[in-house]
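In: Quick one, what's the 3D model for this:
(one chain, ligands or ions: 1)
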Amino acid sequence: MFDFILPTKIIYGAGSINLLEEELRNIKAKKIMIITDKGIAKSGLLSKLEDIMNHGGYDYMVFDDIEANPKDYIVEECAKTAGENDIDTFVAFGGGSPMDAAKGAAVISRQGGRIRDYQGKNKIGEDCMPLITIPTTAGTGSEVTFSSVITDTDRNFKFTVKSPYIAAKTAILDPELTISVPSLITASTGMDALTHAIEGYTANCTEPIAEAIGLYAVEYIVSSLSRAVSKGDDLEARDNMMMGSLMGGLSFSHSDVASVHCMAEALGSLYDAPHGLCNSILLPYVMEYNLPECEYKYARIARAMGIDDSNDRSAAEKGIEYIKELSEEIGLPGLSSLDIDPDDFERLAEMSVENGSNASNPRKVDKETYIQLFRKAYEDRR
Ligand code: NAD
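Out: Predicted structure coming up:
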């Protein structure tokens, strides 16, 4: 038995950011906070958004203190600032970090407490600050997901708040906004999207709709990732990446992520490392481990990536190799690039086991297995 909820209105297409003005009117926004990061604020994208706000005559303020792997105290500061300024609507503008921070702030600005109080699944009530998400990277899918991933800075631990109530009211996906994403961030966020699609399709709690969306997302992503990296102004490639990222987000939100994310979030917690890069490093090693349980599905993924092989086992193996080659081709480095101390593998493995999505991996994983997977990824590509 499963349910399939889509609480977010999705507006999609090149130029769709211009529909924000109308959307704010639809939800009767009066005092708006744009939540973003300093990179976006400096990139010139923010002035485009501000032009729209000014044209609509909206009263708004900008909170641009969000950092990568958003920190709990900044989310709390954001909610406090919103309260002090009588904000009634959030617009999250940026990659997964501003969107997740805005989702977290939307919870505590209405329900109080600290964001860590809501860690886990279905711990929040219905009343959240209305939120419009506008992604500027094609990777996390956070614009439509039921998750907010926040760093607990006391424990150095990335945790997830997961509930359909945290989802945005409206997501506006305009692929033109991603043209300025630098190639390395395009590569790592694209691999994040691919990981969502693969884990959403194969998690042991998945269902047919999430499977279908996840598998189709693989085609969108793999057909266009290299092109989006090498030719950033290729709008067709950017468009396909944004659609793949959206689908990957829809898939894993209704299913789950699994061990790749458990390990990536542990790395992000201890090393403040870019999330998509961590996923790209770990994905093929977790797939090799999962292969005995996932032969058929991995073969279908391989075929969606264009591999022509009717034998499931060899197609699946070729698919995993292809993912390794793809991440090298698009310039993503291996685990040693993160300046990892192998003495941390044990702690990283403990954090991976503790992750709420560990139980969703299609093959059972314990602490010892995680240590071996970290070691393999570390030794394979120095
Ligand atoms: P990010 O939001 O941290 O942004 C990375 C960098 O890209 C920043 O410096 C930003 O300024 C820059 N940037 C963003 N858009 C740009 C643009 N159009 N042009 C130029 N620069 C731009 O990166 P991300 O990968 O999008 O998000 C990662 C975060 O999302 C992690 O914390 C991860 O845990 C989280 N995440 C959340 C979900 C979810 O469902 N909530 C899913 C996956 C990942």
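In: What are the boundaries of the helices in the chain?
Out: Along the chain, the segments classed as helices by DSSP state H run 20-26, 38-43, 45-55, 72-84, 96-111, 183-202, 208-230, 235-254, 259-271, 275-304, 312-329, 345-354, 367-380.
In: any chance of these in a markdown table, plus mean neighbour count and mean pLDDT?
Out: (Each C-beta comes from the backbone N, C-alpha and C, glycine too.) Rendered in a markdown table, the data for the helices of the chain read as follows (neighbours: other Cβ atoms under 10 Å; pLDDT from 0 to 100):
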| stretch | mean neighbour count | mean pLDDT |
| --- | --- | --- |
| helix 20-26 | 16 | 96 |
| helix 38-43 | 17 | 93 |
| helix 45-55 | 16 | 96 |
| helix 72-84 | 19 | 98 |
| helix 96-111 | 28 | 98 |
| helix 183-202 | 27 | 98 |
| helix 208-230 | 21 | 98 |
| helix 235-254 | 26 | 98 |
| helix 259-271 | 26 | 95 |
| helix 275-304 | 23 | 97 |
| helix 312-329 | 18 | 97 |
| helix 345-354 | 19 | 97 |
| helix 367-380 | 18 | 96 |
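In: Spell out which residues of the chain are next to the ligand.
Out: Counting by Cβ under 6 Å from any ligand atom, the chain comes close to the ligand at 37, 39-40, 43, 45, 68-69, 94-97, 100, 136-137, 139-142, 145, 147-149, 177-178, 180-181, 185, 189, 192, 275-276.
In: re earlier: want to try a markdown table for the helices of the chain, with distance to Ile11 as columns?
Out: As requested, the helices of the chain are exported to a markdown table (distance: least, Cβ to Cβ, whole Å):
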| stretch | distance to Ile11 |
| --- | --- |
| helix 20-26 | 7 |
| helix 38-43 | 19 |
| helix 45-55 | 13 |
| helix 72-84 | 24 |
| helix 96-111 | 15 |
| helix 183-202 | 19 |
| helix 208-230 | 18 |
| helix 235-254 | 11 |
| helix 259-271 | 27 |
| helix 275-304 | 24 |
| helix 312-329 | 30 |
| helix 345-354 | 36 |
| helix 367-380 | 38 |
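In: which one of these lies closest to Phe157?
Out: Judged by Cβ to Cβ, the one of the helices of the chain that comes nearest to Phe157 is helix 259-271, at 5.1 Å.
In: which phi and psi does the nearest residue to Ser43 once chain neighbours are set aside have?
Out: Nearest residue to Ser43 in three dimensions, chain neighbours excluded: Ser180, at 5.8 Å (Cβ to Cβ, 6 or more residues apart in numbering). Here the main-chain torsion angles of Ser180 (degrees, to the nearest 10) amount to phi -90, psi 0.
In: I'd like to know how many residues surround Ser180.
Out: The local packing of Ser180 (other Cβ atoms under 10 Å) involves 16 other residues.
In: OK, contacts around it?
Out: Taking Cβ atoms under 8 Å, 6 or more residues apart in numbering as the contact definition, Ser180 lies against 43-45, 232.
In: Pick out whichever of the residues you listed sits closest to the ligand.
Out: Proximity to the ligand was ranked across the contacts of Ser180 by Cβ to the nearest ligand atom; first place goes to Ser43, at 4.8 Å.
In: Quickly note the distance from that closest one to Ala299.
Out: Applying Cβ to Cβ, to the nearest Å, the value for Ser43 to Ala299 is 41 Å.
In: do Gly356 as well
Out: Between Gly356 and Ala299 the distance is 29 Å, computed by Cβ to Cβ.
In: do the same with Thr89
Out: Applying Cβ to Cβ, the value for Thr89 to Ala299 is 46 Å.
In: how far away is the residue of the stretch 251-382 of the chain found nearest the ligand from Arg313?
Out: Nearest residue of the stretch 251-382 of the chain to the ligand: His275, at 3.7 Å (Cβ to the nearest ligand atom). Between His275 and Arg313 the distance is 31 Å, computed by Cβ to Cβ.
In: And for Tyr378?
Out: Distance, Tyr378 to Arg313, by Cβ to Cβ: 27 Å.
In: Stretch 198-217: end-to-end distance?
Out: From the first residue to the last, stretch 198-217 extends over 9 Å; the measure is Cα to Cα, to the nearest Å.
In: Can you give the distance from it to the centre of its chain?
Out: Centroid separation for stretch 198-217 versus its chain: 15 Å, with Cα atoms, centre = their mean, to the nearest Å.
In: before we move on, the earlier item: what's the closest of the helices of the chain to Ala171?
Out: helix 235-254 (7.9 Å).
In: quick one: the closest one to helix 183-202, angle?
Out: Taking axes from the mean of the first three to the mean of the last three Cα atoms, to 10 degrees, helix 235-254 and helix 183-202 form an angle of 40 degrees between their directions.
In: now the angle between helix 96-111 and helix 235-254, please.
Out: Angle between the axes of helix 235-254 and helix 96-111 is 40 degrees (criterion: the same axes, to 10 degrees).
In: elements contacting helix 235-254?
Out: Using 3 or more Cβ pairs under 8 Å, 6 or more residues apart in numbering; DSSP states H and E as the contact criterion, the neighbours of helix 235-254 among helices and strands are strand 9-12, strand 170-173, helix 183-202, helix 208-230.
In: can you put those in CSV and add distance to Tyr60?
Out: What follows is the helices and strands packed on helix 235-254, written out as CSV (distance: least, Cβ to Cβ, whole Å):
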stretch, distance to Tyr60
strand 9-12, 19
strand 170-173, 16
helix 183-202, 26
helix 208-230, 31
